[in-house]
Structures are given as C-alpha cells and as structure tokens.
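*Asks:* Build me a model from this:
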Amino acid sequence: MKPTKHGNKFRITYRCPNYPDLIHESFDTEEEANLRIAQILLEKKNNKLLPPASVVDPDANHALAQETMTVSQLLDEYVNLYGLNHWSESTLSSTMHRITHYINPYIGAIPIKSLTTHRLERFYRKLLREPAVCPKGKEHLQTTIAPSVVE
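*Replies:* Residues are numbered from 1 along each chain as shown. Here you go, the predicted structure:
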C-alpha cells in the first residue's frame with residue numbers, strides 16, 4: 001500500500017475485513033499518509049482493523065462538526081438545505097441580506113453551543129440601535145433597523 005498524490009493531497013486506499021467497499025482517506029502530507037498506512041498494517045496484523053466511523057456512519061462527521069458549528073455555518077447550511085428549495089427568489093434575497101448585514105457581523109462567529117438567551121437579548125437590543133443597511137435599488141426610509149426586521 002502506497003500513498004498516491006491527488007492534487008495537493010495524498011490518498012490511500014485499503015479494504016477492511018467484513019466491509020464490502022474500498023476505503024479512501026486523504027491527507028495533507030505524505031508523512032501523515034505513511035503514518036496512517038503503518039497504523040492500518042498494525043491493526044490488520046492484530047485483527048483490530050475497523051473502517052473509520054465516517055465511512056460506516058456519514059453523519060458521524062456531521063455530529064462532530066455540530067459541536068463546533070458557528071451561527072454563520074448553521075445559517076448557511078439552513079439556507080442551502082431548506083431556503084434554496086422552498087423560498088421564492090425575493091424571500092431568499094431578503095433573508096440573505098439580513099443574514100449578511102445583521103447577523104453574521106455580530107454573532108456569526110459565535111459557536112452555537114455558547115449561544116445563550118442573555119447573549120441573544122444583548123444582540124437584539126444592540127440591533128435596535130444600529131443603522132439600517134438598505135438593499136441596492138431600495139429607497140432608504142429608516143435610520144435604524146426596524147423591530148420587525150430584528151424579530
């Protein structure tokens with residue numbers, strides 16, 4: 001088993017006992033790939049080789065990502081999974097405007113698990129004092145963000 005170069009990554013391919021498909025793993029460096037090969041060979045020798053959890057359960061990576069997911073990442077995922085298929089073009093446009101100008105700059109980088117009601121209340125009150133960002137082609141009527149937009 002040898003790592004092969006694919007673009008700027010190094011890839012290894014192997015089989016696990018009692019698992020029907022080939023398993024592919026990618027690494028940033030050839031050294032990382034060779035270390036993984038050594039680990040695989042040792043596990044095979046000791047009859048302890050199992051397919052990675054991400055191969056057996058694709059949602060395992062998703063669950064791990066959710067532990068560190070930020071508000072911005074959650075909103076992007078929600079818009080991609082739901083908004084693109086269910087919203088009209090104008091609803092999508094106004095929602096993306098609000099996310100881009102009102103949510104991401106203030107709480108977009110905050111991990112979801114550290115988001116509290118207290119923090120959201122402070123965010124809500126701060127937004128009520130912020131100047132409104134007018135979308136292109138719209139007349140600027142408000143000096144601050146309207147409570148209905150914040151809600």
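
*Asks:* what packs against the lengthiest helix in the chain?
*Replies:* Ranked by residue count and defined by DSSP state H, the top helix of the chain is helix 30-45. Contact here means 3 or more CB pairs under 8 Å, 6 or more residues apart in numbering; DSSP states H and E; on that basis helix 30-45 packs against strand 9-14, strand 23-27. All C-beta atoms are positioned from the backbone trio N, CA, C, and that covers glycine.

*Asks:* mind putting those in a markdown table, distance to Ala33 and mean neighbour count included?
*Replies:* Compiled in a markdown table, these are given as follows (distance: least, CB to CB, whole Å; neighbours: other CB atoms under 10 Å):
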| stretch | distance to Ala33 | mean neighbour count |
| --- | --- | --- |
| strand 9-14 | 4 | 16 |
| strand 23-27 | 4 | 15 |
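
*Asks:* Please dump those strands into JSON lines; it should also carry distance to Pro111 for every row.
*Replies:* Compiled in JSON lines, the helices and strands packed on helix 30-45 are given as follows (distance: least, CB to CB, whole Å):
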{"stretch": "strand 9-14", "distance to Pro111": "28"}
{"stretch": "strand 23-27", "distance to Pro111": "26"}
